[in-house]
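Participant: Turn this into a structure:
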Amino acid sequence: MTTICRLIPERCIACGLCAIYAPDIFDYDEDGIVLFKEEPEASQQFVRTEERKAVIKAAAKCPVRAILLEKENGR
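Facilitator: Presented below is the predicted three-dimensional model:
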């Protein structure tokens, strides 16, 4: 089972917690709004196995649920 991480930037309040818990995954635009570090234009990406714990923690700590995780069957 594969995990997909989706960002909802309009919910982001630029608190910085996602970059604290998963600095290799998340970054910010010039307004402090969350984006993916490797693919800033993407609204979703697959979570690599080695990044899973950090991404789960970052999503759990997001106070406005701007980071969503979904499981995808068949991968």
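Participant: Every contact and neighbour count from this point should use C-alpha atoms.
Facilitator: Fine.
Participant: Go ahead and confirm Cys62 touches Cys18.
Facilitator: Yes: applying C-alpha atoms under 8 Å, one finds Cys62 in contact with Cys18, separated by 6.7 Å.
Participant: The two: which is more packed in?
Facilitator: Taking neighbours as other C-alpha atoms under 10 Å, Cys62 and Cys18 compare with Cys18 leading, 27 against 18.
Participant: before we move on, could you check phi and psi at the more buried one?
Facilitator: phi -60, psi -40 (degrees, to the nearest 10).
Participant: same question, Tyr21
Facilitator: Torsion angles, degrees, to the nearest 10, at Tyr21: phi -90, psi -30.
Participant: Could you give the number of residues near it?
Facilitator: Neighbours around Tyr21, by other C-alpha under 10 Å: 19.
Participant: wouldn't it be in contact with Ala54 here?
Facilitator: Yes: the pair Tyr21 / Ala54 is scored as a contact, 5.9 Å apart, by C-alpha under 8 Å.
Participant: Do a quick rundown of the helices in the protein.
Facilitator: For the chain, the helices defined by DSSP state H cover 17-21, 52-61.
Participant: helices or strands up against the last one?
Facilitator: Okay, so that is helix 52-61. Applying 3 or more C-alpha pairs under 8 Å, 6 or more residues apart in numbering; DSSP states H and E, we find helix 52-61 packed against helix 17-21, strand 67-72.
Participant: which residues touch the first one?
Facilitator: Same thing as helix 17-21. Applying C-alpha atoms under 8 Å, 6 or more residues apart in numbering, the contact partners of helix 17-21 are 25-27, 34, 54-55, 57-59, 61-62.
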